[in-house]
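Next comes the sequence, and after it the predicted model I'd like to discuss.
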Amino acid sequence: MASSGVRNGGPRMSAKLDRQGAGATPKAAAGKQRLSSAAGAYRRTNSGPLPAAGGRASSGGVSSRVRVAVRLRPRNAEELAADADFGDCVELQPELKRLKLRKNNWESETYEFDEVLTEFSSQKRVYEVVAKPVVESVMEGYNGTVMAYGQTGTGKTFTLGRLGEEDTAARGIMVRAMEDILADIAPETDSVSVSYLQLYMEMIQDLLDPVNDNIAIVEDPRTGDVSLPGATVVEVRDQKSFVDLLRVGEAHRVAANTKLNTESSRSHAILMVNVRRSVKGRSEMDVSISGENGHSLSMMGSLRPPIIRKSKLVVVDLAGSERIDKSGSEGHTLEEAKSINLSLSALGKCINALAENSPHVPVRDSKLTRLLKDSFGGTARTSLVVTIGPSPRHRGETTSTIMFGQRAMKVENMVKLKEEFDYKSLCRRLDIELDKLIAENERQRKYFDDEVERMRAEAQCRIAEAERECKITLENEKMKYHQEYLDSIKVLEEKWKTHQKSPKRQIKEAESTSSDIREAHNLLQDEKMLRQSAEDEASDLMNQITHWKKLEATATAEVVKLRKMLDTEASQKEKLEEEIGVLRSQLLQMSMEADETRRSLDKGDGPGKIFPGLDSLASQTGSSQPREHSNGPKQPIAKLSEQVKVVANLAAEEANQEKIVEAGGLTSLLVLLRSSEDETIRRVAAGAIANLAMNETNQDLIMAQGGVTLLSMTASDAEDPQTLRMVAGAIANLCGNDKLQTRLRGEGGIKALLGMVRCGHPDVLAQVARGIANFAKCESRAATQGNKVGKSLLIDDGALPWIVKNANNEAAPIRRHIELALCHLAQHEVNSKDIISEGALWELVRISRDCSREDIRMLAYRTLTSSPTLQAEMRRLGIKM
Ligand code: ADP
Ligand code: MG
């Protein structure tokens with residue numbers, strides 16, 4: 001009978017397969033019936049890579065049953081001694097994936113599992129059977145869970161948490177899983193980070209930072225995903241650092257449990273591994289097309305953002321399951337018993353509800369079930385290992401553990417790919433693409449301009465040459481004919497004279513005259529022909545001039561054509577800028593909306609209008625029809641400047657700053673500040689950055705994004721005093737951050753401040769003075785705490801002469817800041833020599849006597865009286881306090 005009723009396990013199978021000495025109940029028989037029809041389905045559902053597995057696919061994902069393995073611990077020394085005469089209470093049939101539980105000498109029950117791991121199973125095999133498929137699907141972008149359940153001392157921690165430092169064969173699931181994950185990721189595009197926590201008495205404690213012992217669970221109202229934003233998250237790059245983290249966590253767990261007077265068997269340990277991978281080859285961004293002029297232009301083929309997969313592996317080492325039943329009887333405090341009961345028994349109830357397809361699953365009853373919401377009945381691929389001991393003395397515990405495992409086998413999850421669009425990186429790529437296009441555009445414009453200039457010069461040169469040649473030829477011809485004319489007149493005159501002088505010869509001459517007349521006639525004919533040929537040549541030259549003029553006209557037409565091409569390119573560039581604007585504002589709006597929803601959900605009221613300005617910005621950028629009909633390239637600039645103004649107004653409120661920064665607003669503002677040629681945009685962008693720079697987190701981000709260099713460049717080439725005032729204000733805010741001093745100075749922040757005094761506007765000077773005072777104050781503080789040695793960086797950067805010159809500035813805000821800065825500088829002996837040599841001592845004395853602000857006056861006085869170097873110099877100069 002034992003073998004006759006046994007079949008492969010299935011998702012809806014009945015737990016008990018046969019019963020020695022007792023007939024199968026009708027219920028069990030019905031179970032067998034269900035098993036035979038479902039067995040095949042189960043095999044299909046759980047083999048092969050997930051999406052292709054042929055499991056039930058629906059809009060929500062692919063069906064995947066929770067897999068359950070049972071692992072038997074070998075007898076320990078005590079059991080070897082005490083139970084020597086008794087047989088084990090279980091018998092394993094690993095090849096049939098079955099376990100027999102002896103009730104007594106004549107009765108036993110058989111259960112089937114997905115895997116049966118004997119006391120001889122190696123850690124490697126346990127990993128491969130229980131965890132490896134889960135780890136693989138995590139790497140493919142699905143969430144995964146590996147959990148151990150069982151009585152204390154049966155090997156849960158042995159299975160999951162052994163570090164195996166002394167013997168690599170002993171390594172547990174956590175270590176092996178991380179090894180596989182690290183081997184599979186691409187370090188340049190992917191990342192892995194971990195959190196390690198323990199749940200005790202319904203309190204979540206950070207094992208990487210044990211002071212943090214009441215971490216809240218946060219649920220995303222949109223996706224329902226749970227997260228622990230308060231937990232320490234450590235990025236893991238290599239196996240050693242991960243093992244170190246586990247060791248630190250384990251040490252903290254021991255320490256915390258000692259302090260709370262508990263043992264680790266009463267708490268649940270949870271390791272969370274977040275894997276972030278970018279999917280390659282899915283973006284169709286860049287399409288290269290050939291331009292009219294044969295140049296290759298890089299164009300946006302589509303604006304499809306790259307895709308990232310964010311999956312999570314959760315490994316759970318549960319508290320000992322025996323606490324569930326015995327909590328009252330072993331002297332636990334009531335609270336503790338309740339809490340251990342609460343989480344574990346809530347887990348049991350959820351699994352029962354899921355196994356029975358009950359409409360209500362009491363997930364919210366405990367923190368454990370809330371944390372594992374995705375693992376049971378959710379979208380994760382889940383594998384459970386139930387651990388048991390061989391001793392007949394713990395038959396009760398062993399039975400209940402087995403029953404837990406059997407019920408868990410009936411839970412179906414719908415695994416789902418955790419994929420999303422990476423808008424931020426799209427935005428970055430578009431920025432780069434835009435930069436490239438701008439550079440290409442500029443290069444081409446310059447090429448065309450040069451070409452036009454060259455052709456014009458050549459045409460002019462040729463025309464001038466033709467004109468000159470023509471003139472010379474005409475001149476020569478004219479002179480030649482004139483000369484011939486004069487010559488013939490002369491000849492005639494001479495003839496006339498001789499004719500007058502000798503009348504006798506008249507008759508003779510008359511004869512010759514008639515020949516002369518003939519000759520003259522011939523000459524005249526020649527002259528006419530010559531003139532004709534000269535005229536022909538002149539007209540020929542005129543034709544040449546017309547030809548050259550035509551050539552010039554062709555060149556001009558070509559110039560017009562090139563201009564048109566340039567205009568087309570400019571309009572493409574504007575379109576791209578607009579698209580980026582739209583994307584940015586969508587991103588901003590999405591994050592604002594998410595926030596709004598979260599806030600309103602927190603508050604419990606309906607969605608309200610938190611950022612009305614942003615709505616209008618979104619609708620404006622979203623509509624394709626511009627509102628104003630100002631034509632030409634001004635439109636995008638006007639729109640951009642409006643958007644920047646909206647962002648600047650939002651940035652003035654601290655509550656909005658985080659969202660603006662999250663949405664990439666800060667980066668965009670910095671880029672605009674540097675690259676925009678529109679004065680209004682630069683001024684407004686600088687103002688917004690100055691506002692953001694008031695907050696310490698943003699200051700770090702501004703530094704990290706090279707903001708100081710960008711601000712310094714703007715400081716050196718902006719002219720508008722209001723833009724400079726904003727830039728100076730931003731740097732002045734950064735000057736007030738203790739941690740940024742060295743870097744700020746290294747990236748030219750102080751020099752930029754000092755450079756801006758060229759503008760002379762009192763508002764700018766006041767910001768410069770404020771920055772110097774802030775910087776001096778931080779430096780002084782660092783020197784007092786022993787964190788800084790050596791001369792002030794302000795002095796190194798040459799600020800002292802300006803400080804001395806303006807220490808008595810008539811504008812009170814400037815004067816106050818500089819007086820303060822001087823006092824801070826003078827408080828440290830290293831600076832004394834420079835203070836004396838630059839004449840600042842006199843200013844300090846003046847401040848200590850005349851300053852109308854009592855606190856500054858006193859500060860100067862104390863500074864002067866406590867510095868030995870300054871005291872000595874004052875004595876030398878005969879100054880008395
Ligand atoms: P749990 O975490 O369930 O309370 P442990 O993992 O701490 O149990 O195991 C209790 C003891 O049994 C430990 O000393 C451990 O080394 C030992 N042990 C557990 N499982 C095995 C096993 N499969 N092979 C050898 N020793 C084991
Ligand atoms: Mg343990």
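Noted; the coordinates are in hand. Ligands and ions are numbered 1, 2, ... in the order given.

can you list the residues of the protein near ligand 1?
73-74, 76, 150, 152-158, 265, 320, 387 (Cβ under 6 Å from any ligand atom). C-betas here are computed from N, CA, C, even on glycine.

Which among the residues you listed count as buried?
73, 150, 152-158, 265, 320, 387 (16 or more other Cβ atoms under 10 Å).

Excluding chain neighbours, what is closest to Ala380?
Asn143 (3.8 Å; Cβ to Cβ, 6 or more residues apart in numbering).

Let's see the pLDDT reported for that neighbour.
Each residue has a pLDDT score; the one for Asn143 is 97.

hang on, isn't Lys573 packed against Glu440?
No: under the criterion of Cβ atoms under 8 Å, Lys573 makes no contact with Glu440, lying 9.7 Å away.

measure the closest residue to Asp850 other than its chain neighbours to ligand 2 for me?
Distances taken as Cβ to Cβ, 6+ apart put Arg857 closest to Asp850, at 7.8 Å, once the chain neighbours are dropped. The spacing between Arg857 and ligand 2, counted by Cβ to the ion, to the nearest Å, is 68 Å.

and Arg857, how many neighbours does it have?
Arg857: 17 surrounding residues under other Cβ atoms under 10 Å.

Now do the helix or strand containing it: which elements does it pack against?
Using DSSP states H and E, Arg857 falls within helix 854-866. Judged by 3 or more Cβ pairs under 8 Å, 6 or more residues apart in numbering; DSSP states H and E, helix 854-866 is in contact with helix 812-826, helix 840-850, helix 868-877.

most tightly surrounded among the ones you listed?
helix 812-826 (a mean of 24; mean count of other Cβ atoms under 10 Å).

and the next element down the chain from that helix?
Next element after helix 812-826 (DSSP H and E): helix 832-837.

How confident was the prediction at the nearest residue to Leu800 once chain neighbours are set aside?
Excluding its sequence neighbours, the residue lying closest to Leu800 (Cβ to Cβ, 6+ apart) is Glu838, at 4.6 Å. pLDDT recorded at Glu838 is 91.

Pull up the gap between Glu838 and Ala826, please.
Glu838 sits 11 Å away from Ala826, going by Cβ to Cβ, to the nearest Å.

now swap in Thr680 and tell me
Taking Cβ to Cβ as the measure, Thr680 falls 42 Å from Ala826.

same check, this time on Val363
Distance from Val363 to Ala826, by Cβ to Cβ: 65 Å.

Please apply the same query to Cys851.
14 Å.

Return every residue with contacts to both of those two.
Contact criterion Cβ atoms under 8 Å, 6 or more residues apart in numbering; residues shared by Cys851 and Ala826: Ala860.

per-residue confidence for Ser623?
pLDDT, Ser623: 34.

contacting residues for the residue of the chain found nearest ligand 1?
Using Cβ to the nearest ligand atom, the single residue of the chain nearest to ligand 1 is Gly155, 2.7 Å away. Gly155 makes contact with 71, 73, 387 under the criterion Cβ under 8 Å, 6+ apart.

now do Ile750
Counted by Cβ under 8 Å, 6+ apart, Ile750 has contacts 744, 772, 775, 793-794, 797, 799.

can you put the residues you listed in a markdown table and add pLDDT?
Shown next, in a markdown table, are the contacts of Ile750 (pLDDT from 0 to 100):
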| residue | pLDDT |
| --- | --- |
| Leu744 | 92 |
| Ile772 | 94 |
| Phe775 | 94 |
| Leu793 | 93 |
| Leu794 | 93 |
| Asp797 | 92 |
| Ala799 | 93 |
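
Rebuild the residues you listed as a markdown table, extending it with neighbour count.
As requested, these are exported to a markdown table (neighbours: other Cβ atoms under 10 Å):
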| residue | neighbour count |
| --- | --- |
| Leu744 | 24 |
| Ile772 | 27 |
| Phe775 | 31 |
| Leu793 | 19 |
| Leu794 | 26 |
| Asp797 | 16 |
| Ala799 | 24 |
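
These also near ligand 2: which ones?
Near ligand 2, judged by Cβ under 5 Å from the ion, there are no entries from those.

Give me every residue in this protein lying close to ligand 2.
156-157.

so where's the chain shaky on pLDDT?
Applying pLDDT under 70 to the chain flags residues 1-60, 84-85, 257-264, 281-303, 323-341, 502-507, 509, 585-586, 588-636.

which residue packs closest to the residue nearest the centre of the chain, ignoring adjacent ones?
Taking Cα atoms, centre = their mean, the centroid of the chain lies closest to Lys424, which sits 5.6 Å from it. Closest residue to Lys424 apart from its sequence neighbours, by Cβ to Cβ, 6+ apart: Gly664 at 5.8 Å.

And the one you found, how close does it get to Gly172?
With Cβ to Cβ as the criterion, Gly664 and Gly172 are 41 Å apart.

Between the two, which has more neighbouring residues?
Gly172 (25 against 20).
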